[in-house]
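Q: missing the sequence, but the structure's below:
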Ligand SMILES: Cc1cc2nc3c(=O)[nH]c(=O)nc-3n(C[C@H](O)[C@H](O)[C@H](O)COP(=O)(O)OP(=O)(O)OC[C@H]3O[C@@H](n4cnc5c(N)ncnc54)[C@H](O)[C@@H]3O)c2cc1C
């Protein structure tokens, strides 16, 4: 079967690319290949009763399928060049921001209307932070919430389903360059296209690596972020979260000069398990619907680890640390800040005595047996620094869940149009290593779609 454009991966990168292609040229024959299920079939079998832990489904409904890794996320679309990816290095700062704003407009049109846009512009917290050696990064954040995020995806699918051919449960095995385009090879069939957009996200990172090897496309990988998820009473951060929702605060540690940052803040949210290649790590989310909200706020504190030659496997390093916590705790470990500082493990009874109820059923333990000293020291220093702008952060009962790991895909060599050295082969979204967020991944999809559509216009 021959298509004009084939998109591999139906995460935000792939979806917004398909959407934009249809906006500019509805005549184009476009196909989307997705390893996971259609949105309505994305159901994780863990029900907490019969099935309590991951059973390793062939396709993980949490990470794969229409909507990609972000389908059940908090749906925070950050409109900023300060974090979430380095798209601006390729497109320029203004264009990157314009694309993210455009994605925001689409989200509003397809179900997100009425959701709140938070902004750091003009906030007094910037001054308060800097006075305490903390740095609040500039951003606007559209918070869709897990529920509305899902509605937007449903509506986008409804718009696309009769315009674009979707192949669900169809992982692409390999991509081959041919004379007039590309061959997309699946288990039972081979498809052809003139242009190919690869948007396989984090779950497709190993596959992406193999495609780059086959096609001799240069890649580079050296970063992983490791840390904990902090959970505390929502009141402690309410003055920040009510105004900003998500505050990205960076701190440079006195001891090592490492950068520690807050990440993925979930006011009145819940801490959740995350399964990455069978390793259980921690994450968090929150709901727009007040009925589903909790009394706690959670966010990650992450320390970025950059490696230099000869070490190349930064993700392997992160995985090993996460495995250690799984070995000791059978999954995620939870520890009270007070216990950590005293050098003792948390126990069931110490957690029960706390004035906060954990939102995740994790194993009480000792994070100092898991996290490297340098990383743990940085996290402790940051907690004390945050305590100055949000008193109560360093309270005895503040809960720390570990470990949280943010894996980065290797960076794939592409030009300013996100086109590889092969004409018509674009690599976008988190799979390219250039983006690490919903807004940047979506924006990268819009960008290449416009580029492809303009080439068809010229022809
Ligand atoms: C729990 C969680 C919460 C998050 N919350 C937020 C948030 O609030 N805000 C934010 O900005 N970011 C968040 N993120 C990150 C965000 O989801 C990603 O940055 C974003 O989804 C990346 O989009 P993408 O299209 O590049 O890749 P993905 O969303 O990962 O989509 C890639 C798709 O490609 C498919 N695929 C992979 N390999 C193949 C193959 N060989 N053949 C066919 N298909 C393939 C996968 O099945 C997947 O569906 C969160 C992530 C997680 C896991």
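A: Structure's in. What do you need? Keep in mind it's a predicted model, so treat the numbers as computed, not measured.
Q: Can you tell me, leaving aside adjacent residues, what's nearest to residue 305?
A: Distances taken as C-beta to C-beta, 6 or more residues apart in numbering put residue 224 closest to residue 305, at 5.4 Å, once the chain neighbours are dropped. (Each C-beta comes from the backbone N, C-alpha and C, glycine too.)
Q: could you list every residue that touches the one you found?
A: When contacts are counted by C-beta atoms under 8 Å, 6 or more residues apart in numbering, residue 224 touches 304-305, 314-315, 317-318, 405-408.
Q: What distance do you get for it to residue 418?
A: Distance, residue 224 to residue 418, by C-beta to C-beta, to the nearest Å: 23 Å.
Q: One more: residue 353?
A: The gap separating residue 353 from residue 418 is 53 Å, by C-beta to C-beta.
Q: Look at the two and report which has more neighbours.
A: residue 418 (26 against 11; other C-beta atoms under 10 Å).
Q: these two touch, right, the more buried one and residue 428?
A: Yes. Counting by C-beta atoms under 8 Å, residue 418 touches residue 428, with 5.3 Å between them.
Q: any shared contact partners between the two?
A: With C-beta under 8 Å, 6+ apart as the test, residue 418 and residue 428 both reach 434, 444, 447-448.
Q: ok, and the most crowded of the residues you listed?
A: Top of the shared contacts of residue 418 and residue 428 by neighbour number is residue 444, holding 33 neighbours under the definition other C-beta under 10 Å.
Q: Whether the host helix or strand of residue 95 contacts the ligand - can you check?
A: Secondary structure from DSSP states H and E places residue 95 in helix 93-107. No. Helix 93-107 does not reach the ligand (C-beta under 6 Å from any ligand atom); its nearest approach is 10.3 Å.
Q: Show me how far that helix is from its chain's centre.
A: 18 Å (C-alpha atoms, centre = their mean, to the nearest Å).
Q: Now do that helix: which elements does it pack against?
A: Using 3 or more C-beta pairs under 8 Å, 6 or more residues apart in numbering; DSSP states H and E, the elements in contact with helix 93-107 are helix 12-24, strand 76-79, helix 87-91, helix 438-458.
Q: Make TSV out of the ones you listed and add distance to residue 250 and mean pLDDT.
A: As requested, the helices and strands packed on helix 93-107 are arranged in TSV below (distance: least, C-beta to C-beta, whole Å; pLDDT from 0 to 100):
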stretch	distance to residue 250	mean pLDDT
helix 12-24	25	98
strand 76-79	14	94
helix 87-91	18	97
helix 438-458	18	96
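Q: okay if I get the ones you listed as CSV plus distance to the ligand?
A: What follows is these, written out as CSV (distance: least, C-beta to the nearest ligand atom, whole Å):
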stretch, distance to the ligand
helix 12-24, 3
strand 76-79, 4
helix 87-91, 11
helix 438-458, 3
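Q: List the contacts of residue 359.
A: Applying C-beta under 8 Å, 6+ apart, we find residue 359 in contact with 231, 269-271, 294, 296, 298.
Q: ok, so what distance separates it from the ligand?
A: 14 Å (C-beta to the nearest ligand atom, to the nearest Å).
Q: Does that residue lie in a helix or a strand, and which?
A: Applying DSSP H and E, one finds residue 359 in no helix or strand.
Q: Can you report phi and psi for it?
A: Main-chain torsions, residue 359, degrees, to the nearest 10: phi -90, psi -10.
Q: So residue 229 sits against residue 300, correct?
A: Yes. With contact defined as C-beta under 8 Å, residue 229 counts as touching residue 300 (5.1 Å).
Q: between the two, who's got more neighbours?
A: Neighbour totals were compared for residue 229 and residue 300, and residue 229 leads with 28 against 25 (other C-beta under 10 Å).
Q: which ones are touching that one?
A: 271, 282-284, 298-301, 400-402, 404.
Q: In ChimeraX, how would I select just the buried ones from those residues?
A: Buried residues within the contacts of residue 229, by 16 or more other C-beta atoms under 10 Å, are selected in ChimeraX with:
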select :271,282,283,284,298,299,300,301,400,401,402,404
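Q: and residue 430, that one's in a helix?
A: Yes. Under DSSP: H, G, I helix; E, B strand; the rest coil, residue 430 falls within a helix.
Q: top of the contacts of residue 359 by neighbour count?
A: Top of those by neighbour count (other C-beta under 10 Å): residue 298, with 30 neighbours.
Q: can you map out the helices along the stretch 251-400 of the chain?
A: Remark: helices assigned in the stretch 251-400 of the chain by DSSP state H, counting those that start in this stretch are 314-329, 337-342, 348-353, 373-389.
Q: Residue 228 bridge partners, please.
A: Under DSSP bridges, the beta-bridge partners of residue 228 are residue 301, residue 402.
Q: so it makes contact with residue 370?
A: No. Using C-beta under 8 Å, residue 228 is not in contact with residue 370; the gap is 9.5 Å.
Q: quick one, phi psi at residue 423?
A: Main-chain torsions, residue 423, degrees, to the nearest 10: phi -60, psi 130.
Q: pLDDT on the helix or strand where residue 206 lies, on average?
A: Following DSSP H and E, one finds residue 206 within helix 205-215. Mean pLDDT, helix 205-215: 94.
Q: what's it packed up against?
A: Helix 205-215 packs on strand 172-178, going by 3+ C-beta pairs under 8 Å, 6+ apart.
Q: any shared contact partners between residue 229 and residue 300?
A: Taking C-beta under 8 Å, 6+ apart as the contact rule, residue 229 and residue 300 both touch 283-284, 404.
Q: Inside strands: which ones of those?
A: 283-284, 404 (DSSP state E).
Q: ok, of those, which one's closest to the ligand?
A: Comparing those against the ligand with C-beta to the nearest ligand atom picks out residue 283 as the nearest, at 4.5 Å.
Q: Bridged to the residue nearest to residue 305, which residues?
A: residue 305, residue 407.
Q: For it, report the pLDDT, please.
A: In this prediction, residue 224 carries a pLDDT score of 92.
Q: Kindly report the same for residue 112.
A: 97.
Q: Contact partners for it?
A: 104, 142, 144, 148, 151-152.
Q: For the ligand, what's the nearest residue on the stretch 301-450 of the chain?
A: For the stretch 301-450 of the chain, C-beta to the nearest ligand atom, closest residue to the ligand: residue 429, 2.3 Å.
Q: Surely that residue touches residue 15?
A: No. Using C-beta under 8 Å, residue 429 makes no contact with residue 15, being 10.0 Å away.
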